[in-house]
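Student: how would this look folded up:
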Amino acid sequence: MGTIEKIRQKAREKLKTIILPEYDDKRVVEAAEIIEKEGLAKVILLTTEMMEPAEKARYIEEYYQMYKAKDVDMEVAKGLFEDTLYYAAMMTREGKVDGLVAGASHTTPDMARAAIRCLGIDERITIASSCFIMSVPDCSLGDEGTFVFADCGIIPDPNCRQLACISVAAAELGSKVLGLTPRIALLSYSTHGSAKAKSIEKIAGALSALKEMAPELLVDGELQVDAAIVPEVAKIKYPDSPLGGRANILIFPNLESGNISYKLVERLGKARALGPLLLGLKKPASDLSRGCSVQDVVDCVAVTAIRAQ
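Tutor: A predicted model of the protein is given here:
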């Protein structure tokens, strides 16, 4: 059974309710029908007509009270709730649904902002970030071609502590959703001092912070990607690595490298890329790519449902 089939099977084991606010996107509508038919989750395709006026007014007031000291006045708050996205996010916040999936017709900044502000940040992780589940066909690397890539969508240039937090959150997702034993590689263009730069010092700091935060995790860095995922190369470049070239959680030093890498693997390696899956929030949420397929929506809902189990 492949990675996608395993995800769908696990989602069926305990049905959760996932809200889809992009009711006017044909891909989302078709995906909702497939999800219900296959029994992957209970879905609510939220339309503007389903937004109850009294609830909408309550959500607007609550949101305004949360952010009036920052950058939101009442008119701004009212404008946000003309769209279904913020209403759906507040429903998720209250536990009326178990998870949120959107992004097919909203930009990543819009979706991420709604999710972060309405769902809130997990105090243990302290930051929001994102990851992709990558399933590469006919590949023996990682976990039979399965990897988690992070961060690929939120933090442009994470510092040491942020890289450590991203690593913890990505490892937890890999364990819960995929059943992986996390093996984390902090990636770089250098392998353990083969080059010198401030960016490499940042990774050394991230490694130290991560070992302090989660000493039970198996992690190494800085590593070039071939030393991280190819055992034969690891033996040559850094034979003392505890990963032994078998990393399955790949942590990128910045957003540019993460975003470029997942798209290259998806397009050239013909991999399935599920995500962006938002990390570090109090409730599970997924931000679809605006170029997503119907199957991408289906599988992101399945992943979100598993995270809510």
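Student: can you map out the helices along the chain?
Tutor: Ranges of helices within the chain are 3-13, 26-38, 53-67, 74-80, 84-94, 108-119, 141-144, 160-178, 198-213, 225-229, 231-237, 255-268, 294-308, based on DSSP state H.
Student: Which elements pack onto the shortest one?
Tutor: It refers to helix 141-144. For helix 141-144, there is no helix or strand it packs on, judged by 3 or more Cβ pairs under 8 Å, 6 or more residues apart in numbering; DSSP states H and E. The way it works is simple: take the backbone N, C-alpha and C, and place the C-beta from them, glycine included.
Student: any idea how far Ala234 lies from Ala185?
Tutor: The gap separating Ala234 from Ala185 is 10 Å, by Cβ to Cβ, to the nearest Å.
Student: intersection of neighbour lists for these two?
Tutor: Residues within reach of Ala234 and of Ala185 at once, by Cβ atoms under 8 Å, 6 or more residues apart in numbering, are Ala228, Leu243.
Student: Any idea which of the helices of the chain gets closest to Ser130?
Tutor: Nearest to Ser130 among the helices of the chain is helix 108-119; the distance by Cβ to Cβ comes to 7.7 Å.
Student: just the angle between the closest one and helix 84-94, please?
Tutor: With axes from the mean of the first three to the mean of the last three Cα atoms, to 10 degrees applied, the angle from helix 108-119 to helix 84-94 works out at 30 degrees.
Student: Next, the buried residues of helix 108-119.
Tutor: Within helix 108-119, the residues scored as buried using 16 or more other Cβ atoms under 10 Å are Thr108, Asp110, Met111, Ala112, Arg113, Ala114, Ala115, Ile116, Arg117, Cys118, Leu119.
Student: Please apply the same query to stretch 77-89.
Tutor: Using 16+ other Cβ under 10 Å as the test for burial, stretch 77-89 gives Ala77, Leu80, Phe81, Asp83, Thr84, Leu85, Tyr86, Tyr87, Ala88, Ala89.
Student: And that stretch, end to end?
Tutor: End-to-end distance for stretch 77-89: 14 Å, by Cα to Cα, to the nearest Å.
Student: Over to stretch 144-153?
Tutor: Start-to-end, stretch 144-153 (Cα to Cα) is 25 Å.
Student: Give me the mean pLDDT for stretch 255-266.
Tutor: Mean pLDDT, stretch 255-266: 96.
Student: Pull the distance from it to the chain's centre.
Tutor: With Cα atoms, centre = their mean, to the nearest Å as the basis, stretch 255-266 stands 14 Å off its chain's centre.
Student: List of residues touching that stretch?
Tutor: Stretch 255-266 is contacted by residues 132, 134, 136, 149-157, 187, 250, 252, 271-273, 275 when judged by Cβ under 8 Å, 6+ apart.
Student: Need the CA coordinates for that stretch. PDB is fine.
Tutor: Extracted in PDB, the C-alpha atoms of stretch 255-266 (Å, rounded to 0.1, in the frame of the first residue of the first chain):
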ATOM      1  CA  LEU A 255      11.800  29.600   2.300                       C
ATOM      2  CA  GLU A 256      13.500  30.000  -1.100                       C
ATOM      3  CA  SER A 257      15.200  26.700  -0.900                       C
ATOM      4  CA  GLY A 258      12.200  24.900   0.600                       C
ATOM      5  CA  ASN A 259       9.700  26.200  -1.900                       C
ATOM      6  CA  ILE A 260      12.000  25.600  -4.900                       C
ATOM      7  CA  SER A 261      12.900  22.100  -3.800                       C
ATOM      8  CA  TYR A 262       9.400  20.800  -3.300                       C
ATOM      9  CA  LYS A 263       8.300  22.100  -6.700                       C
ATOM     10  CA  LEU A 264      11.300  20.600  -8.400                       C
ATOM     11  CA  VAL A 265      10.700  17.200  -6.800                       C
ATOM     12  CA  GLU A 266       7.000  17.400  -7.700                       C
END
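Student: any idea how far Ala31 is from the closest residue to Lys56 other than its chain neighbours?
Tutor: Nearest residue to Lys56 in three dimensions, chain neighbours excluded: Phe81, at 5.7 Å (Cβ to Cβ, 6 or more residues apart in numbering). Separation of Phe81 from Ala31 (Cβ to Cβ) stands at 24 Å.
Student: for Ser167, same thing?
Tutor: In terms of Cβ to Cβ, Ser167 sits 31 Å off from Ala31.
Student: Take the helices of the chain and write them to a markdown table, including distance to Gly280.
Tutor: Shown next, in a markdown table, are those (distance: least, Cβ to Cβ, whole Å):
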| stretch | distance to Gly280 |
| --- | --- |
| helix 3-13 | 21 |
| helix 26-38 | 25 |
| helix 53-67 | 18 |
| helix 74-80 | 22 |
| helix 84-94 | 15 |
| helix 108-119 | 9 |
| helix 141-144 | 23 |
| helix 160-178 | 5 |
| helix 198-213 | 13 |
| helix 225-229 | 23 |
| helix 231-237 | 30 |
| helix 255-268 | 15 |
| helix 294-308 | 12 |
